[in-house]
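S.K.: A structural model of the following input is requested.
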Amino acid sequence: MKRSDEYWAQRAKKEGYRSRASYKLLQLDEKYNLITKSSLIFDLGCAPGGWSQVIAEKINVSAKCIAIDILNMQRVDKVEFHQIDLFSNEFKDMMNKNSKCVDLIVSDISANLSGIKLVDDENNFELNLFCIEASKEMLNPNGALLIKTFNNSKLKEVVNKFNDVFSTVCVEKPVASKTSSSEVYLLGLIPK
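M.R.: Numbering: from 1, shown residues only. Okay, the predicted model is just below:
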């Protein structure tokens, strides 16, 4: 059921979530059951922490979530936060340390918008490619990658890249997404 954009923001505030984005992950997880079956999850570009909150609520006791952002994020119980640049050597070391061990990578990251559509589309495309490359290094044989992308001139190319890497690819627009937004979510299951 579609609800007004204000509904999700108000609900997030009332229920203690840091952003409306929490409901996007809740809705996607309800459909695909990604979180509870995962032992090691990486949340890339996690600030302000809406997705980390959802993961913390749903992960099993023995599971671990590692959240990464260049921006600071207020602490979330059961989440190990690292304030580092995804393009840093420190994150490369993390990728190497967790090579082929990760069950789920999620990313609700978006480039800072310049207002110039071609530039913004390209910058978001580069972030999408980064997440795909990270998944190739980090995901185990049953792993999954869930990222935000946009319904623009680059979408077909991103979907094709997902199809090259994953056995199953799903394109989703959760009900909690703003109706005016071109954002969509790509889910890749089972790396090839």
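
S.K.: most centrally placed residue in the chain?
M.R.: The residue lying closest to the centre of the chain (Cα atoms, centre = their mean) is Ser107, at 1.9 Å.

S.K.: could you point out which element follows the lowest-mean-pLDDT helix or strand in the chain?
M.R.: Lowest mean confidence among the helices and strands of the chain (mean pLDDT, DSSP states H and E): helix 5-15, at a mean of 83. Next in sequence after helix 5-15, counting helices and strands by DSSP states H and E, comes helix 21-32.

S.K.: give me the angle between the longest strand seen in the chain and helix 21-32.
M.R.: Counting residues, the longest strand found in the chain (DSSP state E) is strand 139-150. If you take axes from the mean of the first three to the mean of the last three Cα atoms, to 10 degrees, strand 139-150 sits at 130 degrees to helix 21-32.

S.K.: list the contacts of strand 139-150.
M.R.: With contact meaning Cβ atoms under 8 Å, 6 or more residues apart in numbering, strand 139-150 is reached by 25, 28, 32, 34, 38, 100-110, 121, 124, 128, 131-132, 135, 155, 158, 162, 165-166, 182-191. Where you see a C-beta, it was placed from the backbone N, CA and C, and this is true even at glycine.

S.K.: out of those residues, which end up buried?
M.R.: For these, a burial check counting by 16 or more other Cβ atoms under 10 Å picks out 25, 28, 34, 38, 102-109, 121, 124, 128, 131-132, 135, 155, 158, 162, 165-166, 183-189, 191.

S.K.: ok, now how distant is the spatially closest residue to Trp8 that is not a sequence neighbour from Asp108?
M.R.: In this structure, Trp8 finds its nearest non-sequential neighbour in Arg20, 4.1 Å apart by Cβ to Cβ, 6 or more residues apart in numbering. Distance, Arg20 to Asp108, by Cβ to Cβ, to the nearest Å: 11 Å.

S.K.: what do these two both touch?
M.R.: Gly50.

S.K.: next, count neighbours for Lys192.
M.R.: By other Cβ atoms under 10 Å, the residues close to Lys192 number 10.

S.K.: ok, now which ones touch it?
M.R.: So Lys192 contacts Asp164, Val165, Phe166, Ser167 (Cβ under 8 Å, 6+ apart).

S.K.: ok, it to Leu127 distance?
M.R.: 22 Å.
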